[in-house]
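Undergrad: sequence and predicted structure, then a few things I'm wondering about:
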Amino acid sequence: MEITRATEYAVRCILHLALEPSGRVVPRKEVARAREIPEPFLGKIAQRLARAGIIRIHQGARGGYELVVPPERVTLLQVVESGEGVLSLNKCVLHPQSCSRSCFCPAHRVWSEARRQLRETLAGTTFAALAAQERPVPPVKANKPRRR
């Protein structure tokens with residue numbers, strides 16, 4: 001089990017916006033370039049984040065993305081579930097009636113506990129905390145043409 005590429009990019013996008021001053025509208029190109037996200041894909045991801053109420057999309061020449069929730073109130077869980085849906089390791093955890101063995105299955109309890117711990121970890125991690133740990137990334141050096 002792993003998160004999708006779209007969710008990874010959503011996390012990068014929100015982290016970038018969390019590092020910006022409150023209220024700044026960050027151009028899509030800037031986010032895409034700085035976080036190495038394909039720009040057309042970023043547009044689709046941003047729509048999901050906007051539907052989740054995490055960012056606002058500003059249209060037009062001076063448009064871009066704005067974080068509408070303070071970084072200390074946005075958690076990894078919110079961003080992950082905005083893309084992946086409600087996290088679950090097994091169908092029986094969310095829908096015990098889907099399996100006739102759920103009530104006595106020893107694995108069911110493990111799935112439920114693992115889900116609880118994962119959600120707790122993600123919910124306890126805010127983008128303010130992640131931004132505080134962000135280190136500057138050295139600029140990418142342009143490749144020099146090779147001499148023949």
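TA: Great, that's in hand.
Undergrad: in the longest helix anywhere in the chain, which residues are buried?
TA: Of all segments of type helix in the chain, defined using DSSP state H, the longest is helix 106-123. Across helix 106-123, burial judged by 16 or more other CB atoms under 10 Å covers His108, Trp111, Ser112, Arg115, Leu118, Arg119, Leu122. Where C-beta positions appear, they are placed from N, C-alpha and C, glycine not excepted.
Undergrad: what's the fifth one in contact with, if anything?
TA: This means Leu118. Leu87, Leu89 (CB atoms under 8 Å, 6 or more residues apart in numbering).
Undergrad: what does the pLDDT read for it?
TA: At Leu118, the predicted lDDT confidence score is 95.
Undergrad: report the distance from the lowest-mean-pLDDT helix or strand in the chain to the chain centre.
TA: Least confident helix or strand, the chain: helix 91-94 with a mean of 82, by mean pLDDT, DSSP states H and E. Distance of helix 91-94 from its chain centroid, counting by CA atoms, centre = their mean, to the nearest Å, is 23 Å.
Undergrad: ok, now stretch 67-77?
TA: Distance of stretch 67-77 from the chain centroid (CA atoms, centre = their mean) equals 10 Å.
Undergrad: what's stretch 79-89 in contact with?
TA: Contacting residues not belonging to stretch 79-89 are listed as 1, 3-4, 6-7, 10-11, 14, 45, 48-49, 51-52, 54, 77, 94, 111, 114-115, 118-119, 122, 127 [CB under 8 Å, 6+ apart].
Undergrad: buried among these? Make that a PyMOL selection.
TA: If you want just the buried ones from these in PyMOL, going by 16+ other CB under 10 Å, the selection is:
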select buried, resi 6+7+10+11+14+45+48+49+52+54+77+111+115+118+119+122+127
